[in-house]
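Novice: this is a predicted model, with the sequence first.
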Amino acid sequence: MKKIAIVAALLMILSLGMAVKPADARHHGRFWGGFAAGTATGLVFGTLAAPRYYAPAPAPVYMYPPPPVCRDFYTEGYWRQVPVMDAGGFTTYRSEWVPGGHQRVCQ
């Protein structure tokens, strides 16, 4: 779209340049006004016609999740009291050994 606008403006300027009568070679003190107008026109159309450069975006970084960290625990055995009912309905307690074991915990 921008290129079409630039080409249309260029064609318009060229057609106006052919239609206008040439001025005489004597400036009559109007040189600096024409110079300023030409400079301003060049700056405006030069910035419109210049391509836009953008910095490249960084590439996406893909990372795998960290592996789980596993720890092994050993629980030692212990004695516990277990209730026991006798024939008369009385509750007594006896000791029972609970053996230790290994357990793995992963996070």
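Specialist: Sure, I can see it. The structure displayed is predicted, hence computed values, not measured ones.

Novice: residues contacting the residue of the chain most remote from its centre?
Specialist: Within the chain, the residue lying farthest from the chain centre (Cα atoms, centre = their mean) is G88, at 77.7 Å. G88 sits next to no residue when contact means Cβ atoms under 8 Å, 6 or more residues apart in numbering. Where you see a C-beta, it was placed from the backbone N, CA and C, and this is true even at glycine.

Novice: does it count as helix, strand or coil?
Specialist: coil (DSSP: H, G, I helix; E, B strand; the rest coil).

Novice: ramachandran coordinates for it?
Specialist: When read as degrees, to the nearest 10, the backbone of G88 gives phi -90, psi 0.

Novice: when you give positions from now on, start the count at 34
Specialist: Shifting the count to begin at 34 puts that one at G121.

Novice: ok, now how distant is it from R113?
Specialist: From G121 across to R113, the span is 24 Å (Cβ to Cβ, to the nearest Å).

Novice: from the chain's centre, how far out does the helix or strand bottoming out on mean pLDDT in the chain sit?
Specialist: Using mean pLDDT, DSSP states H and E, the weakest-scoring helix or strand in the chain turns out to be helix 35-52, at a mean of 74. Mean-position distance between helix 35-52 and its chain equals 41 Å (Cα atoms, centre = their mean, to the nearest Å).

Novice: wait, is W112 part of a strand?
Specialist: Yes - assessed by three-state DSSP, W112 belongs to a strand.

Novice: neighbours of it, just the number please.
Specialist: By other Cβ atoms under 10 Å, 9 other residues sit near W112.
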